[in-house]
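**Q** Mind folding the following:
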Amino acid sequence: MQKSLRSRAEEQFAATQKKAKQALNEKEKARREIDARMAKQRALRLAKEAADKEAAEQADAEKAAANNDKPPHLPRVHRQ
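**A** Sure, this is the predicted structure:
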């Protein structure tokens with residue numbers, strides 16, 4: 001009778017350990033998925049910020065070029 005109680009207890013312990021390990025693996029998998037999503041979102045955000053910055057710089061350059069093409073507004077007397 002002692003062996004059967006001990007063996008049942010060992011079986012229950014092994015089952016509990018297996019469930020705990022499985023739960024830990026599932027948590028780890030979920031964490032990896034979240035990390036992957038966050039990395040993807042960060043990469044997309046950084047790419048968008050870089051594209052926006054480049055577009056703003058190009059618009060500023062075009063605006064500056066357009067301003068340089070205009071004749072000065074000063075009368076001829078004040079021009080050098």
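
**Q** S7 and K29: what is the separation?
**A** 33 Å (C-beta to C-beta, to the nearest Å). (Each C-beta comes from the backbone N, C-alpha and C, glycine too.)

**Q** D35 now?
**A** 11 Å.

**Q** now L24: how far from A66?
**A** Taking C-beta to C-beta, one finds L24 at 63 Å from A66.

**Q** Next: E28.
**A** With the distance defined as C-beta to C-beta, E28 ends up 57 Å from A66.

**Q** Can you give me every residue that contacts A14?
**A** By C-beta atoms under 8 Å, 6 or more residues apart in numbering, no residues touch A14.

**Q** Could you say which helix or strand holds it?
**A** helix 2-69 (DSSP states H and E).

**Q** averaged over its residues, what pLDDT does that helix have?
**A** For helix 2-69, mean pLDDT is 93.

**Q** and that helix, how far out from the chain's middle?
**A** Taking C-alpha atoms, centre = their mean, to the nearest Å, one finds helix 2-69 lying 8 Å from the centre of the chain it belongs to.
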